[in-house]
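Q: I need the structure of the sequence given here:
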Amino acid sequence: MPTTTWERLPEARRNAVISAAEDEFSRHGFSGGSLNVIAREAGVAKGSLFQYFRDKSDLYAYLSERASVRIRADMEMAIRSLDWSHGFFVPLRELVVLWEEYFHSHPLELAMTVAVNVEPERSARMAVRQVANEHYAAVLRPLLAGASKRGDLRPQADLEAFLALLLVLLPHIALAPHSPGLDPVLGLSSAARQERHSAVERLVAVLEAAFGPQHLDAV
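A: All right, here's what the predicted structure looks like:
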């Protein structure tokens, strides 16, 4: 995390470093990102970066935390905009559709999500993914608990398994439309908006079949 030297910097200097680092890491990931380029674009000496952050990994984790916080805030806003009082899976479909659309209009958040998930350096990838998953879980776990309490899920539904599936599924849905070949089956990589939404609905339908309430006609 940032040093006290970083905290004392003028806001304009901090913003310059953040902007340069986000641009470099979003383009090249952790392994390919250059501290020399970041320092040059920010207008600071490379050595100054080590006065602001312990090392390259520390800077990368800081930026990923910032991106995760932005994504979480927007996700929480979307959740508040939906009506969860009359069932769980209809608004969940709407939420996941909004999630898919979000990354079409938020290129920086998309770039950082891509960098985290395809980063070849395992230690960097795992450290940053842990941060992202903590934010996702903090938002999604109460949502699932509320659905269970209202009876919108089947009795004894494994909420942790449901959460684990969402933590796998949401990054896939975010990345597949921008990564040809990542989804060769359902059409998430399609240029057609409706086809992507249909793929999302099919995936949520699988979750509903696994965790939704059991109806008498299905028993």
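
Q: Report how many residues lie close to residue 198.
A: 15 (other CB atoms under 10 Å). Using the backbone N, CA and C atoms, a C-beta is placed for each residue, glycine as well.

Q: Grab the nearest non-local neighbour of it.
A: residue 187 (6.8 Å; CB to CB, 6 or more residues apart in numbering).

Q: Repeat that for residue 183.
A: Closest to residue 183 by CB to CB, 6+ apart is residue 176, at 4.1 Å.

Q: Which residues lie in contact with that neighbour in this structure?
A: Contact analysis of residue 176 by CB atoms under 8 Å, 6 or more residues apart in numbering lists 182-183, 188-189.

Q: and the lowest-mean-pLDDT helix or strand in the chain, how far out from the chain's middle?
A: Within the chain, confidence by mean pLDDT, DSSP states H and E is lowest for helix 107-118 among all helices and strands, at a mean of 81. Here the centre of helix 107-118 is set off from its chain's centre by 8 Å, with CA atoms, centre = their mean, to the nearest Å.

Q: so residue 46 sits right up against residue 37, yeah?
A: No - counting by CB atoms under 8 Å, residue 46 does not reach residue 37; the two are 9.8 Å apart.

Q: circling back: can you read off the pLDDT for the residue nearest to residue 183?
A: Per-residue confidence (pLDDT) for residue 176: 94.

Q: what do you get for the one 5 residues further on?
A: pLDDT recorded at residue 181 is 88.

Q: so where is the chain shaky, pLDDT-wise?
A: Applying pLDDT under 70 to the chain flags residues 127, 215-219.

Q: How is it divided into domains?
A: 1-54, 63-218 (automatic domain parsing).

Q: still on that earlier bit, now do the SS call for the residue nearest to residue 198.
A: The three-state assignment at residue 187 reads coil, by DSSP: H, G, I helix; E, B strand; the rest coil.

Q: And for residue 21, nearest residue in space, chain neighbours not counted?
A: residue 38 (4.8 Å).

Q: Okay then, goodbye and thanks.
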